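>>> My questions concern the predicted model and sequence given below.
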Amino acid sequence: MSFRGRPVVSGDVEGFVLRVESISFYGDVDPESGRLYDGRSVSGRVIVAEKSRGSTVGPYVLYALRERGLAPKAILLVSRSDPVLVAGAVLSSVVLVDSLPRGALEVLRDNVLVRVYRDGGVVIV
């Protein structure tokens, strides 16, 4: 199964999905451990969410994760990316694809292996 979104920060990556309702790197993710408030790690994962919640501190948290080797490989959103998340993804070299079809949320569940392509394509492996 495959989907297509809008590539915001392009790249080719493969990883396991970490599904969240929405993502804010300030408040949701501990920059020291790379863990969400519920204990799951974002490190090396492909975060899939309906939307992001911006905070001007978020890009710095994402960058700190990158510096510690704890950043996600990619972030996939159904909604459009907010400018703060875009800045964080660019600074941290994290692939960012938005505008995925809403139906993608039904199949992109935790621990599903996906491949993300620089043209915005997402394929379940």
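Structure received. Residues are numbered from 1 along each chain as shown.

>>> Pop out the phi and psi values for Pro59.
Backbone torsions of Pro59, given as degrees, to the nearest 10, read phi -60, psi -30.

>>> Contact partners for the closest residue to it other than its chain neighbours?
Nearest non-adjacent residue to Pro59, counting by C-beta to C-beta, 6 or more residues apart in numbering: Gly88, 3.3 Å away. Glycine gets a C-beta too; all of them are placed from N, C-alpha and C. Residues near Gly88 by C-beta atoms under 8 Å, 6 or more residues apart in numbering: 25, 58-63, 94.

>>> go on, Val8?
Contacts of Val8 by C-beta under 8 Å, 6+ apart are 81, 86, 89, 96-98.

>>> try it again with 6 Å
81, 86, 96, 98 (C-beta atoms under 6 Å, 6 or more residues apart in numbering).

>>> and it, what helix or strand is that in?
strand 6-9 (DSSP states H and E).

>>> For the helix or strand where the residue nearest to Pro59 lies, give the mean pLDDT please.
Using DSSP H and E, the element containing Gly88 is helix 83-92. Helix 83-92 carries an average pLDDT of 95.

>>> send the alpha carbons of that helix over as CSV?
C-alpha atoms of helix 83-92 as CSV (Å, rounded to 0.1, in the frame of the first residue of the first chain):
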residue,chain,number,x,y,z
PRO,A,83,6.4,27.0,9.9
VAL,A,84,8.0,26.2,13.3
LEU,A,85,8.1,22.5,12.6
VAL,A,86,9.5,23.1,9.1
ALA,A,87,12.3,25.2,10.7
GLY,A,88,13.1,22.4,13.1
ALA,A,89,13.1,19.7,10.4
VAL,A,90,15.4,21.8,8.2
LEU,A,91,17.8,22.6,11.0
SER,A,92,17.9,18.9,12.1
